[in-house]
Structure formats: C-alpha cells, structure tokens
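Asker: the sequence isn't on hand, but the structure is:
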C-alpha cells in the first residue's frame, strides 16, 4: 500500500469542518494535525476524529506532505509564511491573501521557495461549471457576453472582507478562465460603513468579449447564476441547482419572411461534490500528479483575480468618496 499523504489542517470553524469531513473520507490520506485558535473546539474535534493537535511547527510540520489553510482571510499571509518553511504543498482558501500587496509577496515567495500553492476557487470544480466549459470547448461560436450573478445575505462569520473579496472574486476568476485577459474595467457599487456590500462590474476582455459581474450581500435571496450569449446560442447555468440549459437559435427563410425560433436543450450535469473534487486535486498535487481536469488554480491565478478585484474596489470607493451612485 502507498504511504498515506499526511496533511496538517489549519482552521476548523463551522464551515471549515467540511474540509475535515472530506479529508477523513479520502483513502491514503491522513490528517496528521489540527490547529485552530479555538483550543476548546480543537480539543473536541481532536478527540472525536482521533487527530493530534499541532503544537510545534518545527517538529510537527516536517512530517507532513501538505498544509490546508482555511482560516480567516486576514491570517492567510502569516500562515502561508509560517508553513512554507516546512511544506511546499499548500492549499489556501480564496483569496490568497487579503491585500494586493501581500498577495504579490506570496507569489514571489512561491517562486523563491518552489512552493505549490492551490487557491480555493471552488467554483472551478462545480459540476455545472465543468459542464459549461465542456460545452464552450466543443463549439466554435464566439462568446459575446457572460453575465455572472452571485448574491448572499451577509454572514456573521465574515467580517474581514467586503463583497468583492468575499463573493465576486469567484466570478472574476471564472471570467478570466473563460474569457482571458482584461482590457478595461467599469464598476459601481454600494458602500455601507467602509465595506462594499453591493458591486457591479463590467470587464472588457482583450478578445472583445464582455463579462458583467454582480455580487451582493444586501439581498436575502441566494443566487449563483451564469448566463452566456454567443453568436448563435444562449447558455443558462444555475450553480446551486447544477442545471445547464442551451437555447439554440434556428432561422427559417420563407419567401420574404424570416421566422426565428429557439430550441432549448437541457444538459445533464453529473459530477461529485465540488469540495471533494477540489481536495482530491490537492492530494494529487501532494503526490506530484497533474490536475485531473487541468483545473487547479495556483498562486498566479490568485494574483490575477486579486488584481482585478482590487481595481473594482478602487473604482467603487473612489465613486463613494465623490458621492457618485
């Protein structure tokens, strides 16, 4: 039997326990250590899952093949710096860090130390997104526009980042992975206190396509939607229901009249839980194996997404200071 991949898990809050659950399911994976600032919770989960608590970085991490960091965003920079002295395979939840400057420092650190950093852009592993990309890869029609909508009520867990970093950055990453480099950005939003809670951005890509991205933490309704207009079809993708619909336009010429009709095709979406796929990809990285779908986002992807997100933030805050709505 192959030697198990030993993982240290940093962060075991309510949502982060999903990582613990998934890792505990994987074969040939050993959760070697847990760490969280909530010592009482750490001790409880350590006992429940029979996992040691990380007590000494120098001795404990040297025995690990990788580290998973799912702590609050503002702590990412310090944790990556600390664990990078001991392990080269690091998973960190999005965003890579909480500022553009510290993200650049981590990107430079990864190059200097030859680190393998996987950024937790989990929507890349959403079965509906994978189906969507498969459809786009197998037709030759130019993408005209992509609309992204992501809304969620403000969570009491998230107090260290605005809606651009909390929600929108997922769709910024998807827009870049589908439409490529950016030529220009327009944005506006709503700032409450010092936090952007509603943001709308129009990204013009160098290939001539547009990405319109909306993110809101004001809205009660939870939505995750991608709609794509190409030269001959309209693709609607519901990320929550894992549904994809394709409307193909047909044109029928009758003498001097033209009748246009749309044929809707429902695409069956299959696939496993997104977090499971994401963590399998990380374990494969620890084994020096390639990404199954060529899907694994790295520190450079994290940097590109942060650059766009930072630009959107700057535009919205600048407008807010000038009283522009």
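Answerer: Looks like it came in fine. The structure displayed is predicted, hence computed values, not measured ones.
Asker: and for residue 45, the neighbour number?
Answerer: When neighbours are defined as other Cβ atoms under 10 Å, residue 45 has 19 of them. C-betas here are computed from N, CA, C, even on glycine.
Asker: got it, and the one 10 residues further on?
Answerer: Residue 55: 9 surrounding residues under other Cβ under 10 Å.
Asker: now do the SS call for it.
Answerer: Secondary structure for residue 55, judged by DSSP: H, G, I helix; E, B strand; the rest coil, is coil.
Asker: how far away is it from residue 62?
Answerer: For residue 55, the distance to residue 62 equals 13 Å [Cβ to Cβ, to the nearest Å].
Asker: need phi/psi at residue 64.
Answerer: For residue 64, the backbone dihedrals are phi -100, psi 150 (criterion: degrees, to the nearest 10).
Asker: and the helices in this protein, which stretches?
Answerer: Counting by DSSP state H, residue ranges of the helices within the chain are 17-25, 39-49, 57-60, 76-83, 100-113, 127-137, 163, 169-179, 274-286, 299-321.
Asker: centroid-nearest residue for the protein?
Answerer: For the chain, the residue whose C-alpha lies nearest the mean C-alpha position (Cα atoms, centre = their mean) is residue 121; its distance is 1.9 Å.
Asker: quick check, that residue in contact with residue 173.
Answerer: Yes. Under the contact definition of Cβ atoms under 8 Å, residue 121 touches residue 173, with a separation of 4.6 Å.
Asker: intersection of neighbour lists for those two?
Answerer: Both residue 121 and residue 173 are contacted by 94, 297, 301, 305, under the criterion Cβ atoms under 8 Å, 6 or more residues apart in numbering.
Asker: number of residues surrounding residue 11?
Answerer: 24.
Asker: right, I mislabeled it, should have said residue 13
Answerer: 14.
Asker: contacts only, for residue 139.
Answerer: 230, 233.
Asker: one more time with 6 Å
Answerer: The neighbours of residue 139, taking Cβ atoms under 6 Å, 6 or more residues apart in numbering as the test, come to nothing; the list is empty.
Asker: what's the pLDDT at it?
Answerer: Per-residue confidence (pLDDT) for residue 139: 76.
Asker: got phi/psi on it?
Answerer: phi -130, psi 160.
Asker: that one and residue 133, how far apart?
Answerer: 12 Å.
Asker: ditto for residue 276
Answerer: Between residue 276 and residue 133 the computed distance is 19 Å (Cβ to Cβ).
Asker: helices and strands of the protein: which one has the lowest mean pLDDT?
Answerer: Least confident helix or strand, the chain: strand 257-267 with a mean of 65, by mean pLDDT, DSSP states H and E.
Asker: what residues sit buried inside stretch 182-197?
Answerer: Within stretch 182-197, the residues that count as buried by 16 or more other Cβ atoms under 10 Å are 182, 185, 187-191, 195-197.
Asker: for stretch 57-68, same thing?
Answerer: For stretch 57-68, by 16+ other Cβ under 10 Å, it's 60-61, 64-68.
Asker: pLDDT and distance to residue 89 added to those, as CSV?
Answerer: Putting the buried residues of stretch 57-68 into CSV (pLDDT from 0 to 100; distance: Cβ to Cβ, whole Å) gives the following:
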residue, pLDDT, distance to residue 89
60, 92, 16
61, 94, 11
64, 96, 9
65, 97, 6
66, 97, 4
67, 98, 7
68, 98, 9
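Asker: where are the low-confidence patches of the stretch 151-300 of the chain?
Answerer: Scanning the stretch 151-300 of the chain with the threshold set as pLDDT under 70 gives 154-159, 249-262.
Asker: one more pass at 90, please.
Answerer: Using pLDDT under 90 as the threshold, the predicted model of the stretch 151-300 of the chain has low-confidence ranges 152-161, 193-194, 219-221, 231-232, 248-272, 290, 292-295.
Asker: quick one: end-to-end distance for stretch 137-148.
Answerer: Using Cα to Cα, to the nearest Å, the span of stretch 137-148 from its first residue to its last is 19 Å.
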